[in-house]
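Asks: Provided below for reference: sequence and predicted model.
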Amino acid sequence: MYQYELHVHTAENDLAAHVPAAEIVRMYKDAGYDGIVITDHYFPLFFNWFHAELDGAAHSQIIDRWLRGYRAAKEEGDKIGFTVLPGAEVRFGDSINDYLIYGIDETFFYNTPLLCFLQGGLHELLPLLPKEACVVWAHPFRDGMTVIDPTPLFGIEGQNGGTDAYRNQMAQQFAAHYGKPITSGSDFHHPTALARGGIRTETPIRTPKDLTDILRSGAYSLIFPDETSK
């Protein structure tokens, strides 16, 4: 079985994350995983954190800066034979809801407006995505989040390594009510979150489309905290 982590934040992009991307790659390989998806925060706060670098920057320069964590992880992954895929955790200005996007590549970010500033939120984002992309509502029952109808979304993150168990159970019940697939992710920001989520599959995942094909097929199982790696 292959193991993949679906929710990772890098120190290059997130002031709340404490591990550089290359080190994250090595940590997950040592933990028995075959790949990770870098889902750095794509939200307005990013522009506050790094305003000195981003003020007056062109769109392409902003995307270059935002992809720094992913690219550092990908470079290390290529060296050691470990899959690193691009993703995003998008938040809009009207709530603190977070949405994980899978099945996109670097080109997508250069060819779309700054996602976190879309005035129409999800309704404007979804038509911009490639047809194979999957949008998953991350940890939907954290304090302050707004409950929405998830019908337009692919799925729900029913196991989040940084969320209380009872809130994950609420997310799982919510997904079952709407007939939505569940994903699992560690929500890695620091070493204590290592290997607290992800998926197992019998098929190797090497590209963003490979990942979304697996998610849409349902041919995967969830990784929960404290399970023994392969």
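Replies: All right, it came through fine. Worth saying up front: this structure is predicted, and the values here are computed from it rather than measured. Residues are numbered from 1 along each chain as shown.

Asks: Next, the contact list for the residue most central in space within the chain, please.
Replies: For the chain, the residue nearest the mean C-alpha position is Thr39 (3.4 Å; C-alpha atoms, centre = their mean). For Thr39, the contact set (C-beta atoms under 8 Å, 6 or more residues apart in numbering) comprises 6-9, 87-89, 100-101, 185. All C-beta atoms are positioned from the backbone trio N, CA, C, and that covers glycine.

Asks: repeat that with 10 Å
Replies: With contact taken as C-beta atoms under 10 Å, 6 or more residues apart in numbering, Thr39 is in contact with 5-10, 69-70, 85-90, 98, 100-102, 136, 138, 185, 187-188.

Asks: Please, which helix or strand holds Glu157?
Replies: strand 155-160 (DSSP states H and E).

Asks: helices and strands around that strand, which ones?
Replies: strand 2-8, strand 98-102, strand 134-138, helix 165-178, strand 182-185 (3 or more C-beta pairs under 10 Å, 6 or more residues apart in numbering; DSSP states H and E).

Asks: Can you tell me, leaving aside adjacent residues, what's nearest to Glu157?
Replies: Nearest residue to Glu157 in three dimensions, chain neighbours excluded: Ala138, at 4.8 Å (C-beta to C-beta, 6 or more residues apart in numbering).

Asks: Against Leu153, how distant is the one you found?
Replies: Distance, Ala138 to Leu153, by C-beta to C-beta, to the nearest Å: 11 Å.

Asks: For the chain, give me the ranges with low pLDDT.
Replies: 227-230 (pLDDT under 70).

Asks: that older thread, isn't the residue nearest to Glu157 right next to Leu100, touching?
Replies: Yes. At 5.0 Å, Ala138 counts as touching Leu100 under the criterion of C-beta atoms under 10 Å.

Asks: Please enumerate the shared neighbours of those two.
Replies: Taking C-beta under 10 Å, 6+ apart as the contact rule, Ala138 and Leu100 both touch 6-7, 39, 89-90, 157, 183, 185, 187.

Asks: As CSV, these with distance to Gly32 would be great.
Replies: Converted to CSV, those look like this (distance: C-beta to C-beta, whole Å):
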residue, distance to Gly32
Leu6, 15
His7, 17
Thr39, 20
Glu89, 24
Val90, 29
Glu157, 21
Thr183, 19
Gly185, 16
Asp187, 19
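
Asks: Of those residues, just say which sits nearest to Glu124.
Replies: Nearest to Glu124 among the shared contacts of Ala138 and Leu100 is Val90, at 11.2 Å by C-beta to C-beta.

Asks: give the contact list for Tyr4.
Replies: 28, 33-37, 83, 85, 185, 198-201, 204-205, 210-211, 214, 220, 223.

Asks: Mind checking what helix or strand follows the helix or strand in which Phe109 is found in sequence?
Replies: Element membership of Phe109, judged by DSSP H and E, is helix 106-110. As assigned by DSSP H and E, the chain's next helix or strand after helix 106-110 is helix 122-125.

Asks: So which elements touch that next one?
Replies: Using 3+ C-beta pairs under 10 Å, 6+ apart: helix 122-125 touches strand 98-102, strand 134-138.

Asks: could those be laid out in TSV, adding distance to Ala22?
Replies: Putting the helices and strands packed on helix 122-125 into TSV (distance: least, C-beta to C-beta, whole Å) gives the following:
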stretch	distance to Ala22
strand 98-102	22
strand 134-138	24
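
Asks: can I get these in JSON lines with distance to Gly144 and mean neighbour count?
Replies: Putting the helices and strands packed on helix 122-125 into JSON lines (distance: least, C-beta to C-beta, whole Å; neighbours: other C-beta atoms under 10 Å) gives the following:
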{"stretch": "strand 98-102", "distance to Gly144": "11", "mean neighbour count": "24"}
{"stretch": "strand 134-138", "distance to Gly144": "13", "mean neighbour count": "25"}
